[in-house]
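J.: build me a model:
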Amino acid sequence: MATGTDPDAWKERCRISIIPFGDSALAFDGFTEDITAMDWGDKDIEGIALVNGGRVVKYNPMGDESITLKVYPINAEMDVANEGVVQHFHEQSTDDTAQPIVVDNTINRKTFGIVILWSEKLPALATTLPDAAKTAIRIQIINAYMTSYKPSYDDKTFSAEVTFKWTPFQKDGTANKREESTDGSVQLAAAITTATSF
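T.: Numbers count the residues shown, from 1 in each chain. Model (predicted):
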């Protein structure tokens, strides 16, 4: 099988899928520039001084990770059209689907899966495998929480910055984030379909 051609850099368009716990994936056409922060956790170290003046290295636990996306909500609904966000941040006891939509602040939280895909030839969804013989890079995250929803009126357009945050590892030490790429000689494995497992 022929291999693809690596770009100079992954930029402009990508595909993003957000998978709320217990629900189907929400699909987005993304601009890379609207991913305003990828804060991967540090694996820091600390020098411990010895009485002889030497040092030993102490490993600090890896820090939590997060990603911030810019979105353009047009209502408060929570549906497959991806028109609203706030009900994902303030999960209601029962999704409000009856007009008018009302979303009260809540203490409820839920987990999300996230898939971000760049490819020479983008498929319709981030969760769809890229074409064979095409280069691609993909980031998958599970067990993430929406920790911030900040609406704004920048550029005289209603938008919001949404931050998802997760621990780098689960309780049993398995990973909550996976980064993958292919040169096109082999397709990527199937993407996640739930918020909690690869």
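
J.: parallel or antiparallel, which strands does the strand ranked longest in the chain pair with?
T.: Looking across the chain with DSSP state E, the single longest strand is strand 136-152. If you go by DSSP bridges, strand 136-152 pairs up with strand 111-119 (antiparallel), strand 159-166 (antiparallel), strand 177-182 (antiparallel).

J.: so for the residue nearest the centre of the chain, what's the pLDDT?
T.: In the chain, the residue lying closest to the centroid (C-alpha atoms, centre = their mean) is I114, at 3.8 Å. If you check I114, the pLDDT there is 97.

J.: skipping adjacent residues, who's closest to it in space?
T.: The shortest distance from I114 to any non-neighbouring residue, by C-beta to C-beta, 6 or more residues apart in numbering, is to I141 (4.2 Å). For every residue, glycine as well, the C-beta is placed using N, CA and C.

J.: how about the one you found, what does it touch?
T.: By C-beta atoms under 8 Å, 6 or more residues apart in numbering, the residues touching I141 are 65, 67, 112-115, 164, 166, 176-178.

J.: now S159
T.: By C-beta under 8 Å, 6+ apart, the residues touching S159 are 70-73, 151-153.
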